[in-house]
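Engineer: Model the following, please.
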Amino acid sequence: MQTKFGTGAELEFDLRRTIILSVYLKHWGMPEWRKILFDSDEKTRIELYYFPSVSEDLPARFATIGLSACRYESSGAPIHSEWVMASERGLGGESYERLFDYLADLLVHHIRNGLGGGLPRLMPPSLLAPERWTATALLLDEPRGEDEELESFQVGDQRVELVWALPITPNEAKRISEEGIESFDDHAEESDYSLIDPCRPDE
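Structural biologist: Just a heads-up that it's a prediction; the model follows:
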């Protein structure tokens, strides 16, 4: 029988996964699928997990593990966050494979072009968004509707924040940019459509 010692980086990632995934499992149940992203030299690893909806009242979720170990390419600053994207049960008529690919594109863009800073932050409408969705822009914000335990994780000496990656429509993005997040919150409160419905009208 052969043995292999894990390197410092491998062990650190295993511990990061153990800590964060245990909290995900506690609140969202078992994931159904996982996709793993590597950079060209396989030194950077991000795992994407799909937690399916188990009832009409509970959303499906796509969540990352490993983003918090990355740095922004443009500034070198550490990212210190993981993402969760929630969606209504039908995923807006798209497959989970399609959403894995979309989220992977968003993460690559975020790592290459992000500068850090506080929340909320906007990513503009993108042609990479799922074809059936009206919500083609993205809002990065505090995790709304999640348990307080999911807001952050202590990984060694690093405090990792969970960020809500919320698909929003072009007009919603414009509202936030011009009028602020409070105006968006008021609009969402008055709307007949759920914020996790990616096919809601672009009002």
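Engineer: Thought residue 140 was touching residue 168, still the case?
Structural biologist: No: Residue 168 lies out of contact with residue 140 (C-beta atoms under 8 Å); the separation is 10.4 Å. (Each C-beta comes from the backbone N, C-alpha and C, glycine too.)
Engineer: Next, the residue nearest the centre of the chain: phi, psi?
Structural biologist: Geometric centre of the chain, nearest residue: residue 83, 2.8 Å, by C-alpha atoms, centre = their mean. Residue 83 adopts backbone torsions of phi -110, psi 150, taken as degrees, to the nearest 10.
Engineer: Can you tell me, leaving aside adjacent residues, what's nearest to it?
Structural biologist: Spatial nearest neighbour of residue 83, excluding adjacent residues (C-beta to C-beta, 6 or more residues apart in numbering): residue 165 at 4.4 Å.
Engineer: The one you found and residue 176, how far apart?
Structural biologist: 15 Å (C-beta to C-beta, to the nearest Å).
Engineer: helix or strand right after the lengthiest helix in the chain?
Structural biologist: As assigned by DSSP state H, the longest helix anywhere in the chain is helix 8-28. Following helix 8-28 in sequence order, the next helix or strand is strand 33-38 (DSSP states H and E).
Engineer: in that next one, what's buried?
Structural biologist: The neighbour-count criterion (16 or more other C-beta atoms under 10 Å) identifies 35, 37 as the buried residues of strand 33-38.
Engineer: Check which helix or strand the nearest residue to residue 34 once chain neighbours are set aside maps to.
Structural biologist: The shortest distance from residue 34 to any non-neighbouring residue, by C-beta to C-beta, 6+ apart, is to residue 49 (5.3 Å). Taking DSSP H and E as the definition, residue 49 sits inside strand 45-51.
Engineer: what does that strand rub up against?
Structural biologist: Outside strand 45-51, the residues that touch it by C-beta atoms under 8 Å, 6 or more residues apart in numbering are 13, 17, 21, 24, 28-38, 60-67, 69-70, 96, 99-100, 103-104, 107.
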